[in-house]
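# coords please:
(chains A, B, C and D)
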There are 4 protein chains.
Amino acid sequence: MTSLQALSADILKEVITPRPVQSYKGTFGRCVLIGGNNQFGGAIIMATMAAVYAGTGLVTAATDPINITALRTRLPEAMVIDYQDFNQLATLLSSADSIVVGPGLGETETSLKILKFVFNQVHANQCLIIDGSAITLVANHHLTLPKAQIIFTPHEMEWQRLSGIAIADQTEVNNQAAQAKLGAMVMVKKHHTKIYTNQDVYQLTIGTPAQATGGMGDTLAGIVGAFTAQFRTDYQKSALAAVYAHSAIAEELAANQYVVLPTQISAQLPQFMHQISQPDERPIGFI
Amino acid sequence: MTSLQALSADILKEVITPRPVQSYKGTFGRCVLIGGNNQFGGAIIMATMAAVYAGTGLVTAATDPINITALRTRLPEAMVIDYQDFNQLATLLSSADSIVVGPGLGETETSLKILKFVFNQVHANQCLIIDGSAITLVANHHLTLPKAQIIFTPHEMEWQRLSGIAIADQTEVNNQAAQAKLGAMVMVKKHHTKIYTNQDVYQLTIGTPAQATGGMGDTLAGIVGAFTAQFRTDYQKSALAAVYAHSAIAEELAANQYVVLPTQISAQLPQFMHQISQPDERPIGFI
Amino acid sequence: MTSLQALSADILKEVITPRPVQSYKGTFGRCVLIGGNNQFGGAIIMATMAAVYAGTGLVTAATDPINITALRTRLPEAMVIDYQDFNQLATLLSSADSIVVGPGLGETETSLKILKFVFNQVHANQCLIIDGSAITLVANHHLTLPKAQIIFTPHEMEWQRLSGIAIADQTEVNNQAAQAKLGAMVMVKKHHTKIYTNQDVYQLTIGTPAQATGGMGDTLAGIVGAFTAQFRTDYQKSALAAVYAHSAIAEELAANQYVVLPTQISAQLPQFMHQISQPDERPIGFI
Amino acid sequence: MTSLQALSADILKEVITPRPVQSYKGTFGRCVLIGGNNQFGGAIIMATMAAVYAGTGLVTAATDPINITALRTRLPEAMVIDYQDFNQLATLLSSADSIVVGPGLGETETSLKILKFVFNQVHANQCLIIDGSAITLVANHHLTLPKAQIIFTPHEMEWQRLSGIAIADQTEVNNQAAQAKLGAMVMVKKHHTKIYTNQDVYQLTIGTPAQATGGMGDTLAGIVGAFTAQFRTDYQKSALAAVYAHSAIAEELAANQYVVLPTQISAQLPQFMHQISQPDERPIGFI
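Okay, here's the model as predicted:
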């Protein structure tokens, strides 16, 4: 059993390296995000915004058509398709580096049908982030996971549904056993989020209560999608860097704000990632 | 009969305290806002924006479907439902900490049907803010108020309709009598707004004519909704802090603006609330 | 025959005075703007934005329903109705202080029907700004003007259509004769716009080629609507201040911009008007 | 065979000159942009934004109706028509100075029909920028080019399709031969883009990997459309200045950003062009 490690800012510089000069947009990955029903359309907008501002080469959202205009108005950089157009979705998925499924997806039969289709299309070398309602669907319908680089991003209640472990019993030992059985990376989101990789357990020691507002999880899922699409050497390290960056930016903004909105975190990503990628060393904790 | 008290900046620090470190989005309350018809859709957008930027944990707007795209474009952080989908509305209302009904609701039969449904669903421990057209509907249709922590936010003409007291006769004595009969907190909005609580009468001594523009009331209703959802110890104090914060931010912006737009006040809320929540004492009047 | 006067910055301080402390949104006027068809919907958005940011108490746009979502997304502060809903339009018009008709209205039969309805509803004490396609409709269909405080805002080609004076013949003498016959204030927009009031001829001596871009006229019409609704002592002076303010802000922005977008001018209005309204005298030309 | 020339910052000052004081919006050209289907609607928004912010006098987008609201919300300055309304499109095209066809146009039968219509309407003295999917359509359907000032903006794969030269064989000699056969200016977009004019070959020596993200090409096409509409003396020089300006702004932004979003480049155009147009010489490389 591995002991708990505090996740440090070192993970940022390890993952967010200077961009190669000889490159084109394909170099920085393709991310497809699937979600956003009638009620929860904002979730897919926030996840997609995070994916765009975190520097993914090409981003496409697959969503309910009701969300197309809002998404396109805020994010002309992203392409959009109807998430029930399975021909287009299959084409998109085949060339994706990472796939985020779940933000605002809902838990209806349509949601389930879409999730199953995604599971059916995913390849082993793609990173699949299962977030929000998709986690609940997996739990409630006992879905078999596809072969892929899978990352779950549950909050404690979703983790209870998925693992069967009641919140009070979510100890490291129990969670590690459940993680091993799942065979997937798991981020249990809470105050001082814990991340269970295939090898280790990490704890996030940064973060702020100013982050505790609707949409934060969707934004995190989008950053994880962007980092795993863009920094492909080690998807688990990329995901660790994503969760660290998300809270580091939130802390920075919380120096002047009582609440930090998810879209404000995304807006800071280009500057934040630039600072990290600079070769001149700065003392850890500069953020 | 209580004598009039000037509302002071002290109310801000009393209510807007530092956030508990151990928290999640549920800690900061759920606010549901109901309104926005075809003509007045901007009202529900402005009220919802205020609720999001004032730090509510989870915000949902229930509105006419014509407003969904505009609301979602500006505020992906908020969830949205059709205000005539009473199944969804009932589910939402059951878990709300505060409910704001009225911004841009209109005065049609549909508006009345929705308002009655809301009154029927509200619980005694929820805070219910009755604003704008909902006040006129209550007055015109002699609706019985539900058992809840009720706050009315009328301007003088709406207060005349609700209380039956002509504007010229809206003295403290008459208003207090009407307030006592209603059994609800009442903010009579005007130059130097007066607030009638169940115990006391307060007068707002700050504010600026730059605030006198369409949408200010909707924004105030949203802040009241956010504060009563988030700071639950005493809903009357939370509402007093909301009305003070609204005008304090307006005054600050009016130092450089001939007119202050309602959305600009909301945009300042995270910074303003941060300053208030800081432990280092600053002289009163720093704003 | 009056001789030409250069319009000076003095008009700003004469019109844009500090707001009365005892006031409410009605104090600052009601402006209704009518226009925006399928192709030219941006025009009504820009005019409405100008009216809101220039401090009008209450602003409503009447437009083609296709423009509702875009308008509401950018300007939740404005109310919106379908410009073919003549019941609602009549109600709105009856309480308006100023009416702007024409931005993006088009020249179809529908446009004409709407314009005629507006002419039929206008009262003698309202200010009516006739802009863009509405000018061409008046000219082409020989419409009789209603009794009102009328301001035309044609560019030279529109003025040719309205007055019958070819651009090459648009001398002060000819234009004054045409203005007298119309019995309306006329702003002939061009490099160094000339304004023909019922008494005098003014020339704008400020302005910048950075202003020469689509939408500038719509924005000017919105500012004229806002100033005549808000500063009601003398509608001709208010209109002169509006045209001066529009170009003064453009000049200021052009110090750093090759092109000045119309929406950028509107965004500056609250700050610009604040500076003007301040009692401490600054040297003329500070802008 | 001409030897390769490095494109220098001098091209900016040669093209972006101070605006004539006596001018009106027609002075600065008319640009029509055609593209944006259901999936790729963001492309036409980004191209149109570039055309507006680069100072074109009048800008119209012809697109799928699904994109109208998003485009109008972001860009009220632009007019919009349905790209399948061939009557309106013909009217628009007849008075255009430059035409950009392709951003997000797609490769369906509808796309092809629209492209053929555009080719049929173009005049010899108009500048026609063929971008994105329009390049692929020309290649796949062996379309005959109209007589016009044509500029192709392919990336290497699109250039392979159009010229028949495999990416590995895209040498200067081969490309120049293909360019001569086409009789059109060609920008082959890649790290250090090469531009083949009718006389010379230029290489862009600036640029940053932060630019490698979806939508960059659409934005470049919009700037080329704006510059060729606005600076009409020599369309090839105007296009060279456009490609230089695009990467110069990207470099400037990349000093603080890990990724530069296309819309951020457009937002900087008014300031950037102002600096260039100033008479006071600054050392080359100040950007």
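# from here on, just use CA atoms for contacts and neighbour counts.
Fine.
# pull the contacting residues for A:Met187.
A:Met187 is in contact with A:151-154, A:193-196, counting by C-alpha atoms under 8 Å, 6 or more residues apart in numbering or on different chains.
# dihedrals phi and psi, it?
With angles defined as degrees, to the nearest 10, A:Met187 sits at phi -110, psi 110.
# ok, it to chain C distance?
Distance from A:Met187 to chain C, counting by C-alpha to the nearest C-alpha, to the nearest Å: 36 Å.
# and the strands in the stretch 51-200 of chain A, which stretches?
A:58-63, A:79-82, A:98-101, A:127-130, A:149-152, A:185-188, A:194-196 (DSSP state E, counting those that start in this stretch).
# need the winner for burial among those strands.
Sort the strands of the stretch 51-200 of chain A by mean neighbour count, taking mean count of other C-alpha atoms under 10 Å in any protein chain shown, and strand A:98-101 sits at the top with a mean of 30.
# picking that back up, got the contacts of A:Met187 as a markdown table, with pLDDT columns?
Compiled in a markdown table, the contacts of A:Met187 are given as follows (pLDDT from 0 to 100):
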| residue | pLDDT |
| --- | --- |
| A:Ile151 | 98 |
| A:Phe152 | 98 |
| A:Thr153 | 98 |
| A:Pro154 | 98 |
| A:Thr193 | 96 |
| A:Lys194 | 97 |
| A:Ile195 | 98 |
| A:Tyr196 | 97 |
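# now, which of the residues you listed sits nearest B:Ile265?
A:Thr193 (33.5 Å; C-alpha to C-alpha).
# show me what contacts the closest residue in space to A:Ala96 that isn't next to it in sequence?
Once flanking residues are discounted, A:Ala96 sits nearest to A:Arg30: 5.0 Å by C-alpha to C-alpha, 6 or more residues apart in numbering or on different chains. By C-alpha under 8 Å, 6+ apart, A:Arg30 lies in contact with A:56-59, A:95-98, A:229-230.
# distance of A:Phe28 from A:Ala51?
Between A:Phe28 and A:Ala51 the computed distance is 11 Å (C-alpha to C-alpha, to the nearest Å).
# which of the two has more residues huddled nearby?
A:Ala51 (34 against 26; other C-alpha atoms under 10 Å in any protein chain shown).
# can you give me the pLDDT of A:Ser23?
On pLDDT, A:Ser23 comes in at 90.
# hmm, I typed the wrong one, I wanted A:Asp82.
The model reports A:Asp82 with a pLDDT of 98.
# identify the bridge partners of it.
A:Thr63 (DSSP bridges).
# mind checking the SS state of A:Ile206?
Under DSSP: H, G, I helix; E, B strand; the rest coil, A:Ile206 falls in the coil class.
# contacts only, for it.
Residues in contact with A:Ile206 (C-alpha under 8 Å, 6+ apart) are A:192, A:244, A:247-248, A:251.
# sorry, back to before: would TSV of the strands of the stretch 51-200 of chain A with distance to B:Asp85 be doable?
As requested, these are arranged in TSV below (distance: least, C-alpha to C-alpha, whole Å):
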stretch	distance to B:Asp85
strand A:58-63	22
strand A:79-82	24
strand A:98-101	27
strand A:127-130	29
strand A:149-152	32
strand A:185-188	34
strand A:194-196	39
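# so which of those strands gets nearest A:Gly207?
Of all these, strand A:194-196 sits nearest to A:Gly207, with 12.4 Å by C-alpha to C-alpha.
# now do that closest one: which elements does it pack against?
helix A:172-182, strand A:185-188, strand A:201-204 (3 or more C-alpha pairs under 8 Å, 6 or more residues apart in numbering or on different chains; DSSP states H and E).
# which parts of chain A sit against chain B?
A:38-43, A:45-46, A:66-67, A:69-71, A:73-74, A:190-191, A:208-210, A:212-215, A:256-262 (C-alpha under 8 Å from any C-alpha of the partner chain).
# the residues you listed in helices, which ones?
A:41-43, A:45-46, A:69-71, A:73-74, A:262 (DSSP state H).
# need the pLDDT of A:Gly285.
Looking at A:Gly285, its pLDDT reads 45.
# buried ones among the contacts of A:Arg30?
With burial judged by 16 or more other C-alpha atoms under 10 Å in any protein chain shown, the buried subset of the contacts of A:Arg30 is A:56-59, A:96-98, A:229-230.
# can you redo these as JSON lines with pLDDT?
Formatted as JSON lines, the buried ones among the contacts of A:Arg30 follow (pLDDT from 0 to 100):
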{"residue": "A:Thr56", "pLDDT": "98"}
{"residue": "A:Gly57", "pLDDT": "97"}
{"residue": "A:Leu58", "pLDDT": "97"}
{"residue": "A:Val59", "pLDDT": "98"}
{"residue": "A:Ala96", "pLDDT": "98"}
{"residue": "A:Asp97", "pLDDT": "98"}
{"residue": "A:Ser98", "pLDDT": "98"}
{"residue": "A:Ala229", "pLDDT": "98"}
{"residue": "A:Gln230", "pLDDT": "98"}
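# for the stretch 1-150 of chain A, what spans make up the helices?
Assigned by DSSP state H, counting those that start in this stretch, the helices in the stretch 1-150 of chain A fall at A:10-15, A:41-53, A:68-74, A:86-94, A:109-121, A:133-141.
# out of those helices, which gets nearest to C:Gln121?
Closest of the helices of the stretch 1-150 of chain A to C:Gln121 is helix A:68-74, at 36.4 Å (criterion: C-alpha to C-alpha).
# do the closest one and chain D come into contact?
Yes - residues of helix A:68-74 contacting chain D under C-alpha under 8 Å from any C-alpha: A:69-70, A:72-73.
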